[in-house]
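In: Got a sequence here, can you model it:
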Amino acid sequence: MIVARNGNKGSGPKRPLKVDVSKLDRCARMTTEQLLPSPDGSRYQFSSTLRKDHDSDINIRVLLLAPWPEDTGPFAKSLICFCSQSGSVRTEVNRLPGVSDHFFRLYVTSRESDVSVVLPADFHGSVNIEQRAGRRAGSANSSSADQNCYVRYSKSLRARIQAGAIRLNPSETYEDEDEVYIWAPGCINLRLMDESPESPRPVWRVADGRRGIGSLKRIFRLTP
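Out: Here you go, the predicted structure:
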């Protein structure tokens, strides 16, 4: 945490301005990779392979490109694998306009933390999620930490699931669709590229942990 002095002139004491360096550093470490499809289309082959295995956080963007001008289809799926032993995984997969046939298979694993995945706006395929039992970072035991875990789908992604464009944990997959596999003991967030992150609903609580609705009513003089 960096503390900078407020430069405004005045008679009162100057209050420090706090800057969270960890958030700035996280944004600075967001890297980008690009993948070209290969014309060697086969169920048992992959056009491009991107693998990242780290002990800390993984923050990476993946751009799916159009094929080389001289290459012709069919194209194999691009294989993307991210695994963090002790940190979180945050990844964004973006498909360029006009390359809807550049399909991908994404594996994301976090052994001790959370996962955040942003999928292409035209994502069509399957999403497979398993919240494995694991030891969350900073917790004494996994059982108590896992009680606060969740899987959150964005509004547009939920709509595509209801429309049948995205299937959850299907028994089979197809060559002309994308595939996502996620394993994590922590919280899992998924959204599409063309929508903003959803802010969690605020929860007002009093000191004893209950929802403070009564306190809010008294504040706004809704009750005597």
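In: all strands for the chain, in order.
Out: 2-5, 16-19, 31-35, 49-54, 58-64, 78-84, 89-95, 104-110, 115-119, 125-130, 151-153, 166-168, 178-183, 188-192 (DSSP state E).
In: show me what contacts M30?
Out: 59-61, 90 (CB atoms under 8 Å, 6 or more residues apart in numbering). The way it works is simple: take the backbone N, C-alpha and C, and place the C-beta from them, glycine included.
In: Please list only the buried members of those residues.
Out: The neighbour-count test (16 or more other CB atoms under 10 Å) marks 59-60, 90 as buried among these.
In: Tell me the one among the contacts of M30 nearest to D178.
Out: Closest to D178 out of the contacts of M30 is R61 (16.3 Å), distances taken as CB to CB.
In: List the beta-bridge partners for that closest one.
Out: T32, E92 (DSSP bridges).
In: List the contacts of it.
Out: Each residue near R61 by CB under 8 Å, 6+ apart is listed here: 30-33, 91-94.
In: circling back: could the strands of the chain be laid out in JSON lines, adding mean pLDDT and distance to T72?
Out: Shown next, in JSON lines, are the strands of the chain (pLDDT from 0 to 100; distance: least, CB to CB, whole Å):
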{"stretch": "strand 2-5", "mean pLDDT": "41", "distance to T72": "54"}
{"stretch": "strand 16-19", "mean pLDDT": "46", "distance to T72": "52"}
{"stretch": "strand 31-35", "mean pLDDT": "91", "distance to T72": "18"}
{"stretch": "strand 49-54", "mean pLDDT": "76", "distance to T72": "21"}
{"stretch": "strand 58-64", "mean pLDDT": "93", "distance to T72": "18"}
{"stretch": "strand 78-84", "mean pLDDT": "93", "distance to T72": "17"}
{"stretch": "strand 89-95", "mean pLDDT": "95", "distance to T72": "19"}
{"stretch": "strand 104-110", "mean pLDDT": "94", "distance to T72": "19"}
{"stretch": "strand 115-119", "mean pLDDT": "96", "distance to T72": "27"}
{"stretch": "strand 125-130", "mean pLDDT": "95", "distance to T72": "23"}
{"stretch": "strand 151-153", "mean pLDDT": "93", "distance to T72": "36"}
{"stretch": "strand 166-168", "mean pLDDT": "96", "distance to T72": "29"}
{"stretch": "strand 178-183", "mean pLDDT": "96", "distance to T72": "21"}
{"stretch": "strand 188-192", "mean pLDDT": "95", "distance to T72": "30"}
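In: Thanks again, I'm all set now.
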